[in-house]
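Trainee: next come a sequence and a model predicted from it.
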Amino acid sequence: MSEPSPHNGRQRVTRPSATYATRIRVEVEREIDEQTVLGEVYVRSLMRTQLRLAAVVLGAVALTLGMLPLLFAVVPAVGRAGIMGIPLPWLLLGLVVYPVLVGVGAFYVRQAERNEREFGDLVDRQ
């Protein structure tokens, strides 16, 4: 019996070479910079993702803050209620709304940055 050859035609591929990955990244960046059709697809994808995020955040804020006047109109007792002589609508609109808006803004920024990071990873991976 013959011994198996150490080189039987198989080759293990563990990852693309650094040169190949760099070349592909430069090509994708060139596509975006030169505004080719492929580059436009990449940029439009990022813009669509950011627009979707903005629409969701705007919708959530509009629904929650827009419901307050409706609540005061439907349940007039809530509009007349007060704490320490300050009307409840003033407290809600003056004290509660601002921390909520800051929280929503922080959420939006974090998500938008995540979208951009994922886009950058996509460009780097290509």
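Mentor: Happy to help now that I have it. Every value quoted in this text rests on a predicted model; they were computed, and no experiment measured them.

Trainee: would you confirm that Pro87 contacts Arg80?
Mentor: Yes: counting by C-beta atoms under 8 Å, Arg80 is a contact partner of Pro87 at 7.4 Å. For every residue, glycine as well, the C-beta is placed using N, CA and C.

Trainee: of the two, who's got more company?
Mentor: Taking neighbours as other C-beta atoms under 10 Å, Pro87 and Arg80 compare with Pro87 leading, 15 against 11.

Trainee: same question for the host helix or strand of Phe72, mean pLDDT?
Mentor: Per DSSP states H and E, Phe72 falls inside helix 37-74. Taken as a whole, helix 37-74 carries a mean pLDDT of 88.

Trainee: just the buried positions in it, please.
Mentor: Across helix 37-74, burial judged by 16 or more other C-beta atoms under 10 Å covers Gly39, Tyr42, Leu46, Thr49, Gln50, Leu53, Val57, Val61, Leu68, Phe72.

Trainee: same question, stretch 103-122
Mentor: For stretch 103-122, a neighbour-count test (16+ other C-beta under 10 Å) marks Val104, Tyr108, Gln111, Asn115, Phe119 as buried.

Trainee: got those as JSON lines, with distance to Leu95 and secondary structure columns?
Mentor: Output for those, formatted as JSON lines (distance: C-beta to C-beta, whole Å; DSSP: H, G, I helix; E, B strand; the rest coil):
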{"residue": "Val104", "distance to Leu95": "16", "secondary structure": "helix"}
{"residue": "Tyr108", "distance to Leu95": "21", "secondary structure": "helix"}
{"residue": "Gln111", "distance to Leu95": "26", "secondary structure": "helix"}
{"residue": "Asn115", "distance to Leu95": "32", "secondary structure": "helix"}
{"residue": "Phe119", "distance to Leu95": "38", "secondary structure": "helix"}
